[in-house]
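Asker: coordinates for the following, if possible.
(chains A and B)
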Amino acid sequence: QVQLQESGPGLVKPSQTLSLTCTVSGGSISSADYYWSWLRQHPGKGLEWIGYFYYSGSTNYNPSLKSRVTISGDTSTNQFSLKLTSLIAADTAVYYCARGVFDVWGQGTMVTVSS
Amino acid sequence: DIVMTQTPLSLSVTPGQPASISCKSSQSLLHSDGKTYLYWYLQKPGQSPQLLMYEVSSRFSGVPDRFSGSGSGTDFTLKISRVEAEDVGVYYCMQGIHLPITFGGGTKVEIK
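Answerer: Residues are numbered from 1 along each chain as shown, chains lettered A, B, ... in the order given. As a prediction, this is how the structure comes out:
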């Protein structure tokens, strides 16, 4: 059974860079069958797709965040990561990692951007 | 971006009664491969979203058969034949045909 677990800081200062990691167990990010995505949910709001990583190394990002986002994968650790730069208060959200068509989700990690 | 519009915003349902949620997309979700890339998710209180339906009408593993999906092109519906207490939460539709992937605003289902 595939499980995903997000990890990273819960509090980040404005203008800094957020780095989150998603650890995949029970499956492999090297699989050609799935894309590996990051999504977020602002407090009390809906879902926003941030972008995905594919085993070939290809990525695709939401244009609304593209200039600030990097998603990468590490097959040696079976993890994929999110970097979001130039943080502002509006980046405060629960961040999720998910597989494929989002059939498997992590539990989510709350990130607050505040000085 | 494809805009996904869900109605109603909220629904209060008596247990055992049916419920229906509409989702409309600003562009057709029918792909040239013949599939329609419309998905439904349920986010129960305090939990991550969970996949209910994929490609309009296929139930994901473990989803009860009281859930059904229908529609084509730009108009879609999720129906719950008999709502149970465990069905409370926010339901989201999502399109996966055009990047960026986009979600509807959500429909909150409560029990009367």
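
Asker: contacting residues for residue A:42?
Answerer: A:48, A:90, A:92-93 (Cβ atoms under 8 Å, 6 or more residues apart in numbering or on different chains). Where C-beta positions appear, they are placed from N, C-alpha and C, glycine not excepted.

Asker: try 7 Å this time
Answerer: By Cβ atoms under 7 Å, 6 or more residues apart in numbering or on different chains, the contact list for residue A:42 reads residue A:93.

Asker: same check on residue B:91?
Answerer: B:21, B:40, B:42, B:78, B:106-107, B:109.

Asker: the one helix or strand it maps to: what's the following helix or strand?
Answerer: If you go by DSSP states H and E, residue B:91 is part of strand B:89-95. Next helix or strand after strand B:89-95 toward the C-terminus (DSSP H and E): strand B:102-103.

Asker: pLDDT on that next one, on average?
Answerer: Averaged across strand B:102-103, pLDDT comes to 98.

Asker: quick one on the thing from earlier: let me know the closest of the contacts of residue B:91 to chain A.
Answerer: Closest to chain A out of the contacts of residue B:91 is residue B:106 (5.1 Å), distances taken as Cβ to the nearest Cβ.

Asker: which non-adjacent residue is nearest the closest one?
Answerer: The spatially closest residue to residue B:106, leaving aside those adjacent along the chain, is residue B:90, at 4.5 Å (Cβ to Cβ, 6 or more residues apart in numbering or on different chains).

Asker: same deal with residue A:4?
Answerer: In space, residue A:4 is closest to residue A:106, 3.9 Å off (Cβ to Cβ, 6+ apart).

Asker: I'd guessed that neighbour sits against residue A:3; true?
Answerer: No - applying Cβ atoms under 7 Å as the test, residue A:106 and residue A:3 come out as separate, 8.1 Å apart.

Asker: who's more crowded, these two?
Answerer: A direct count of neighbours by other Cβ atoms under 10 Å in any protein chain shown for residue A:106 and residue A:3 places residue A:106 higher, at 22 against 14.

Asker: what about residue B:24, distance to residue A:31?
Answerer: 34 Å (Cβ to Cβ, to the nearest Å).

Asker: which SSE is the residue nearest the centre of chain B in?
Answerer: The residue lying closest to the centre of chain B (Cα atoms, centre = their mean) is residue B:40, at 3.3 Å. If you go by DSSP H and E, residue B:40 is part of strand B:38-43.
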